[in-house]
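*Asks:* From the sequence below, what's the structure:
(chains A and B)
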Amino acid sequence: MNPTDHSNSSDQGFFGKFAGTQATNEFLKGLWRDNPVFVQVLGMCPTLAVSNSAINALSMGLATTFVVTMSNMLISLLRNFIPKQVRIASYVLIIATFVTIIDYAIQAISIDIHKSLGAFIALIVVNCVILGRAEAFASKNPVGYSILDGLGMGLGFTFALFCIGSVREILGSGSLLGFNFMPEAFEKWVIMVLPAGGFFTLAMWLLIFNGYKLKKASHE
Amino acid sequence: MSKITLNINTSPHVVKGLSTDMIMKQVIYALLPAAAFGVYTFGTGALLVLLTSTAAAIGTEHYLCKWSKKPSTISDYSAAMTGLLLGMTLPPSFPLWMAAVGSFISIALGKFIFGGLGNNVFNPALVGRAFLQAAFPVAITTWTDVFAPGRFTGVPSSIFALPFMRPSVDAVSGATPLSSFKFDHMTTPVYDLFVGFCSGSIGETSAIFLILGGIYLAWKKMLNWRIPASILLIVLLFSSIMYTVDSKTYPSPVFTLFAGGLILGAVFMATDMVSSPITPAGVWVYGAIIGFLVVLIRYWAGLPEGVMYAILIANAISPHIDALIRPRVYGTQIKSGTS
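*Replies:* You can find the predicted model right below:
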C-alpha cells in the first residue's frame, strides 16, 4: 500500500482526470491509513487539551473538519495564483478566515461549548494538520480531491478525538456525551480529566492502533 | 579404572553470583519485616491490600508477557517486589480494586511499555502510586488508626468496594503524622514514629524495621548505601537549618526524618538499580536532589508528603546526572593545571 503520487494527476478541472478509486482513496486515507492523530501524530495540542469529554472532542473535531475542508478547497482553487514565496502567509490567512467563521458559528449554536473549548477554537489556525494538508496536498491537487482529502482528514481527526474523549469522559466523569449512565457510587478517575489522563489515553489508543496494524501487516 | 571426565568450558568459571531473581528475593525479604509490622498494626485489611497488589502485579506481568509472546518474566521476582512495594505505600483501608489498578499501571505503564525490567525510566511502584494519587485523591488519603479494636476480626468496608465504585467512608479515620502537622500543627512523639505506632501507609510507618532491612541489603551489597545516606543527610541538614531559623513553623529535623514515607522511599525506592545513576559521585548528587525536594515539597507545597514526587523527578534527572558526572577513565590523564 504505497501512498499514491498525487502531483502528476492532471492539473485541470474539478477532479483532473477523474478516477473513482483515487477519489475514495483520498477520502479514506485520512480516516484510517494516514489518520492525522493515530498515524501522523499531528495536532497534539487540541488532541490533548480538549479531549476531556466526548462532546468537546466531537465539536472540536467537526470545527476542524469544516476548516480543513474549506481551506483545502480555497487553497486548491487558488493554487496557481499564489506565489511560491508568500504561500504560507496566504494559507494562514485563508485558514484564519474559516476559523473566524466557525468561531462565530459555534458561539451562535452553543455558548456552553464555546466556553468549554475556550482559546482552542482560535488555535485551530495553527493546527498543523490543516497547514500540513494545505502544503502537502491542496497546493498540488485538483479541487475535488482536495475537498475529499480535507473531509477525510477532518473526519479522521474527529474520530480520533472522539476515541480519546469518550474514554476520558467515561472514566473521568462516569458519563458519555453528558449522559450519565454509571451508578451513583461510581468512583471518578480524577486523573482522566486532568492533562495527564490525555497523555495516558492517547498512548493507549496509539498502542492499540499500532498493535492492530502490526498484526495485520504480519498476516499479509 | 574409573573414567575421568574433563570439563572444558569457556570462562567465566565462577558461576554463582548475583542474579536478578536473587537480588529481588533479598529485597522482598528485607521488606517483609516492615510489611508484617504494618499488618500487625493495621490488621487484616492491610494484609489483603498487600496480597492484592502483589498478586495483581504478578498477574499483569505474566499476562502482558504472554500477550506479547515473550517468555513470562515473573520468575525474576521483580513484579512481586514492585507489587509489594506499591502495596506498602497504600493506606490500610484502600479498596482492593484500586490497588489492583495501581499494580496494573505500575507494571504496564511503569515498566512493560518501556521494554521490561532494566529499561524503565521511573520506579514502577511509584508510577502506580502517582497514578492512584491523581486518580483517586480521596481514597488514597483516607487513613485508619493504628491498633484499631477488632482489626483482626473484621476489615474496613471500604476494602471490599465493588470495582469502579466509590468506597464507603468509615467512621474511624486517623491522620498521618505529616498531615496532622501540616494542617493542625500537631507533632507526634519521635518514639512512636521510630517504631511505627502511628497511622500512615501500610509499610511506611516503622522506621526501625525499614532501616534494619536497608542495613541487611547494604551488608549483602545489594543496595547502594550512598543513596539513602545522601538523601537522609540532606534532609537532616536542610530541615535543621529551617528548624533553627523558625522552630515554631517548621517541624524538628528528627520528625521530618522519621515521619511519613521518607525512610521507605530513601531505602527501597530511590535505590532502584534501574532508575538511579550509576557513578558514586552521581549517586550523591541524585540523593541530594531527592532530599532537597522532599523538604521543599513537605514544607512549602500543598501536599503533606513529597517523597514520591521527589523520587520521580530525580528518576527523570538521573540519566542527565550520569551524562554530566563521569568518572575519569582509568589510565587517562587529567589535564595539567586542574589536578
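
*Asks:* can you tell me the helix or strand for A:H114?
*Replies:* Here A:H114 sits within helix A:111-117, counting by DSSP states H and E.

*Asks:* contacting residues around B:A55?
*Replies:* B:A55 sits next to B:G83 when contact means C-beta atoms under 8 Å, 6 or more residues apart in numbering or on different chains. Heads up, the C-betas are built off the backbone N, CA and C, glycines and all.

*Asks:* now it: how far from chain A?
*Replies:* 21 Å (C-beta to the nearest C-beta, to the nearest Å).

*Asks:* How confident is the prediction for the nearest residue to A:R168 once chain neighbours are set aside, by pLDDT?
*Replies:* In this structure, A:R168 finds its nearest non-sequential neighbour in A:M192, 4.8 Å apart by C-beta to C-beta, 6 or more residues apart in numbering or on different chains. Listed pLDDT for A:M192 reads 84.

*Asks:* Any chance you could list what contacts the host helix or strand of A:M192?
*Replies:* Using DSSP H and E, A:M192 sits within helix A:190-193. For helix A:190-193, contacts defined as C-beta under 8 Å, 6+ apart pick out A:52-53, A:167-168, A:171-173, A:197, A:200-201, B:131, B:134-137.

*Asks:* Could you count how many residues lie near whichever residue of chain A sits closest to chain B?
*Replies:* In chain A, the residue found nearest to chain B is A:I191; the distance is 3.8 Å by C-beta to the nearest C-beta. Residues within reach of A:I191, counting by other C-beta atoms under 10 Å in any protein chain shown, total 23.

*Asks:* Could you list the low-pLDDT ranges of the stretch 151-300 of chain B?
*Replies:* Within the stretch 151-300 of chain B, the segments meeting pLDDT under 70 span B:169-174.

*Asks:* which non-adjacent residue is nearest B:V146?
*Replies:* Closest to B:V146 by C-beta to C-beta, 6+ apart is B:T41, at 4.7 Å.

*Asks:* which element is the one you found on?
*Replies:* Going by DSSP H and E, B:T41 is part of helix B:20-42.

*Asks:* need the residues of chain A near chain B, please.
*Replies:* A:182-183, A:185-187, A:189-192, A:194, A:196, A:200, A:203, A:207 (C-beta under 8 Å from any C-beta of the partner chain).

*Asks:* Looking at stretch B:6-14 now, give me its mean pLDDT.
*Replies:* 71.

*Asks:* so who does residue 209 touch?
*Replies:* No chain in the question, so chain A it is. A:F209 neighbours (C-beta under 8 Å, 6+ apart): A:N35, A:F38, A:V39.

*Asks:* Oops, wrong one, chain B.
*Replies:* Applying C-beta under 8 Å, 6+ apart, the residues near B:F209 are B:P33, B:A34, B:F37, B:G196.

*Asks:* Tell me the secondary structure at B:I8.
*Replies:* Under DSSP: H, G, I helix; E, B strand; the rest coil, B:I8 falls in the coil class.

*Asks:* need the contact list for B:A108.
*Replies:* Residues near B:A108 by C-beta under 8 Å, 6+ apart: B:T60, B:L64.

*Asks:* how close does it sit to B:A100?
*Replies:* 12 Å (C-beta to C-beta, to the nearest Å).

*Asks:* just B:L324 next, same as before
*Replies:* 40 Å.

*Asks:* Compare these two (neighbour count), which wins?
*Replies:* Taking neighbours as other C-beta under 10 Å, B:L324 and B:A100 compare with B:A100 leading, 19 against 12.

*Asks:* wait, what's in contact with the more buried one?
*Replies:* Contact analysis of B:A100 by C-beta under 8 Å, 6+ apart lists B:T52, B:S53, B:A56.

*Asks:* Show me which residues of whatever helix or strand it lives in are buried.
*Replies:* Using DSSP H and E, B:A100 maps to helix B:96-108. For helix B:96-108, a neighbour-count test (16 or more other C-beta atoms under 10 Å in any protein chain shown) marks B:96-108 as buried.

*Asks:* Stretch A:180-196 too?
*Replies:* A:M182, A:F186, A:E187, A:K188, A:W189, A:V190, A:I191, A:M192, A:V193, A:L194, A:A196.

*Asks:* ok, now stretch A:132-143?
*Replies:* A:G132, A:R133, A:A134, A:F137, A:A138, A:S139, A:K140, A:N141, A:P142, A:V143.

*Asks:* Quick one: those as a markdown table, columns for distance to B:G260 too.
*Replies:* Shown next, in a markdown table, are these (distance: C-beta to C-beta, whole Å):
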| residue | distance to B:G260 |
| --- | --- |
| A:G132 | 49 |
| A:R133 | 53 |
| A:A134 | 55 |
| A:F137 | 57 |
| A:A138 | 59 |
| A:S139 | 60 |
| A:K140 | 62 |
| A:N141 | 62 |
| A:P142 | 67 |
| A:V143 | 66 |
